[in-house]
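A.B. asks: build me a model:
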Amino acid sequence: MAGKLKPLDVERETKPGKYADGDGLYLIVTGPEAKSWSYRYWKDGRERWHGLGSFKDVTLKNARLARDAARLRVKGDRNTAGVDIVQERREARKEAKAVEVQNAAPTFEECAEVYIRALWSTWSEKHRDQWPSSLKRYAYPTIGKLIITEIKPSHIHQLLEPIWVTKRETANRVRGRIETIIAKHANIDDPEFRNPAELTKQLREKLPKRPKRVVRHHPALPYAEAAQFVGKLGSVEGRAAVALRFLILTVCRTNEIVGAKWTEVDRTFATGPVWRIPGERMKMDQDHVVPLSQSALAVLDELGNGQQSDLIFTNPDGQEFSENAMLAVLDRMGYGHVTVHGFRAAFATWAEECTDYPDGVREAALAHKYKSETTAAYQRGAKLEKRRTLMKDWADFITPANIVPLRASGVS
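C.D. replies: Now for the predicted structure:
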């Protein structure tokens with residue numbers, strides 16, 4: 001239909017308003033030179049305004065043709081259902097924006113590199129070696145080029161399945177590292193986000209069934225022989241032997257000892273010297289405070305004042321010891337039948353059979369995990385001074401009276 005408007009009317013109209021031409025076509029005037037065409041329609045009970053262009057670019061005749069085409073799409077015909085063209089345009093813009101964001105988003109590999117660089121200075125040599133190499137070998141081939149929002153649990157299943165049974169610990173660490181990196185770069189405000197690397201029941205059920213582990217206890221030296229062993233150990237040369245003595249006196253794990261730093265030792269703590277081990281080096285990923293006995297401090301005093309290196313125990317090259325260094329000391333001494341970790345078991349048995357300390361104090365000294373986080377915090381905090389007394393009694397038990405440190409501790 002011809003409509004109500006004339007080309008001259010469109011050219012001359014300057015008063016702001018909406019001027020109908022017919023069948024939903026309107027001239028929208030917002031200023032003397034600000035005029036545009038719009039098609040008004042109703043869809044699912046909602047009023048819609050579909051822009052058809054500026055009057056400078058679209059003539060009245062072409063605006064009517066564009067209106068007719070839009071109207072046909074909205075109404076549809078026998079073969080085609082009608083569509084909401086305004087909503088369609090919005091969705092198209094949304095998709096274009098999503099593509100733009102996706103193209104700008106970093107890949108998982110790039111996110112991993114950012115995370116590794118951020119923590120590199122705080123990591124041990126072992127972490128510096130294992131994190132990049134494990135991700136490069138097992139994660140990057142599958143998800144390295146994907147952005148975080150593209151990664152699905154099926155991708156995690158795909159990369160874990162070949163190693164889930166044959167390389168159990170590696171698979172666990174790789175999955176955990178992927179989960180950490182994704183969590184670090186996820187949108188914290190996204191209520192629908194779920195980490196695809198989380199070990200959910202669905203993922204666990206899809207992965208191959210692992211055979212049950214046979215529990216093998218670490219061969220331990222009987223606690224009754226501990227004092228004799230420490231006496232012999234005192235005459236063994238080398239820093240690995242000194243590190244082993246410190247491990248026995250503090251009942252810590254090997255990796256906690258080899259990564260120990262002078263800055264972690266606090267001799268000015270209100271109730272006595274302590275060694276603060278950061279969570280990243282602990283099995284349970286929680287900070288651990290170790291009360292230091294006079295015997296443990298004497299071991300540190302043998303090594304100097306901490307100005308030689310950041311690390312307390314260094315190999316001849318000034319680097320972090322291998323975790324097998326203390327095992328080598330045991331072999332040289334003729335104690336190859338026991339493990340370094342077994343000294344923790346010796347301590348636990350001694351504390352249970354020879355002392356009246358509550359189980360919680362012993363477990364806290366060993367930095368074992370508690371089911372209750374509240375209990376764990378209490379044992380690490382309120383029980384510190386009971387643990388200090390326990391560690392003194394342990395030091396007295398395993399340190400023969402005739403063994404004198406190479407250098408007096410000088411600590412009152």
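
A.B. asks: what's the burial count for Ala183?
C.D. replies: 14 (other Cβ atoms under 10 Å). (C-beta placed from N, C-alpha, C; glycine too.)

A.B. asks: for the helix or strand harbouring it, buried residues please.
C.D. replies: With the criterion set as DSSP states H and E, the secondary-structure element containing Ala183 is helix 168-185. Taking 16 or more other Cβ atoms under 10 Å as the basis for neighbour counts, the residues of helix 168-185 that come out buried are Thr170, Ala171, Val174, Arg175, Arg177, Ile178, Glu179, Ile181, Ile182, His185.

A.B. asks: which of those lies closest to Ile277?
C.D. replies: For those, the minimum distance to Ile277 (Cβ to Cβ) is 21.1 Å, reached by Arg177.

A.B. asks: so who does Leu60 touch?
C.D. replies: Taking Cβ atoms under 8 Å, 6 or more residues apart in numbering as the contact definition, Leu60 lies against Gly3, Leu5, Lys6, Pro7, Val10, Asp21.

A.B. asks: mind doing that once more with 6 Å?
C.D. replies: Residues in contact with Leu60, defined by Cβ atoms under 6 Å, 6 or more residues apart in numbering, are Pro7, Val10.

A.B. asks: for Ala70, same thing?
C.D. replies: The neighbourhood of Ala70, defined by Cβ under 6 Å, 6+ apart, consists of Tyr39, His50, Ile85.

A.B. asks: likewise Ala220?
C.D. replies: Contacts of Ala220 were listed using Cβ under 6 Å, 6+ apart, and they are Gly342, Ala345, Ala346.

A.B. asks: run the last query once more with 8 Å
C.D. replies: The neighbourhood of Ala220, defined by Cβ under 8 Å, 6+ apart, consists of Val338, Thr339, Gly342, Phe343, Arg344, Ala345, Ala346, Thr349.

A.B. asks: how much space separates it from Ala348?
C.D. replies: Distance, Ala220 to Ala348, by Cβ to Cβ, to the nearest Å: 9 Å.

A.B. asks: could I have the buried ones of the contacts of Ala70 as PyMOL selection syntax?
C.D. replies: Here is the PyMOL command that picks out the buried ones among the contacts of Ala70, judged by 16+ other Cβ under 10 Å:
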select buried, resi 39+50+85
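
A.B. asks: if we can go back for a sec, filter the contacts of Ala220 to the buried ones?
C.D. replies: With burial judged by 16+ other Cβ under 10 Å, the buried subset of those is Val338, Thr339, Gly342, Phe343, Arg344, Ala345, Ala346.

A.B. asks: from these, which land in strands?
C.D. replies: With strands defined by DSSP state E, no entry of these lies inside them.

A.B. asks: got the residues you listed as JSON lines, with pLDDT and distance to Pro141 columns?
C.D. replies: What follows is the buried ones among the contacts of Ala220, written out as JSON lines (pLDDT from 0 to 100; distance: Cβ to Cβ, whole Å):
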{"residue": "Val338", "pLDDT": "90", "distance to Pro141": "41"}
{"residue": "Thr339", "pLDDT": "89", "distance to Pro141": "36"}
{"residue": "Gly342", "pLDDT": "90", "distance to Pro141": "39"}
{"residue": "Phe343", "pLDDT": "92", "distance to Pro141": "41"}
{"residue": "Arg344", "pLDDT": "92", "distance to Pro141": "39"}
{"residue": "Ala345", "pLDDT": "91", "distance to Pro141": "41"}
{"residue": "Ala346", "pLDDT": "92", "distance to Pro141": "45"}
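
A.B. asks: need the max-distance pair from those.
C.D. replies: The most widely separated members of those are Val338 and Arg344, with 11.6 Å between them, by Cβ to Cβ.

A.B. asks: give me the buried positions along whichever helix or strand Ala328 is part of.
C.D. replies: Secondary structure assignment for Ala328, by DSSP H and E: helix 325-332. Of the residues in helix 325-332, those buried by neighbour count under the rule 16+ other Cβ under 10 Å are Ala325, Met326, Leu327, Ala328, Val329, Leu330.

A.B. asks: so what touches it?
C.D. replies: By Cβ under 8 Å, 6+ apart, the list of residues contacting helix 325-332 from outside reads 233, 236, 238, 240-241, 243-244, 247, 254, 257-258, 315, 336, 338-340.

A.B. asks: ok so, going back, pLDDT, secondary structure and distance to Ile277 for the contacts of Ala70 - can I get that in JSON lines?
C.D. replies: Written out in JSON lines, the entries for the contacts of Ala70 read as follows (pLDDT from 0 to 100; DSSP: H, G, I helix; E, B strand; the rest coil; distance: Cβ to Cβ, whole Å):
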{"residue": "Tyr39", "pLDDT": "92", "secondary structure": "strand", "distance to Ile277": "70"}
{"residue": "His50", "pLDDT": "88", "secondary structure": "strand", "distance to Ile277": "66"}
{"residue": "Ile85", "pLDDT": "85", "secondary structure": "helix", "distance to Ile277": "64"}
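
A.B. asks: what's the closest of the contacts of Ala70 to Gln202?
C.D. replies: Out of those, the one with the shortest distance to Gln202 is Ile85. That distance is 40.2 Å, counting by Cβ to Cβ.

A.B. asks: wait, what's in contact with that closest one?
C.D. replies: Residues counted as contacts of Ile85 (Cβ under 8 Å, 6+ apart) are Arg48, His50, Ala70, Arg73, Val74.

A.B. asks: for those, give me JSON lines that also has distance to Asp393 and secondary structure.
C.D. replies: JSON lines is the format used below for these (distance: Cβ to Cβ, whole Å; DSSP: H, G, I helix; E, B strand; the rest coil):
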{"residue": "Arg48", "distance to Asp393": "82", "secondary structure": "strand"}
{"residue": "His50", "distance to Asp393": "84", "secondary structure": "strand"}
{"residue": "Ala70", "distance to Asp393": "88", "secondary structure": "helix"}
{"residue": "Arg73", "distance to Asp393": "87", "secondary structure": "helix"}
{"residue": "Val74", "distance to Asp393": "87", "secondary structure": "helix"}
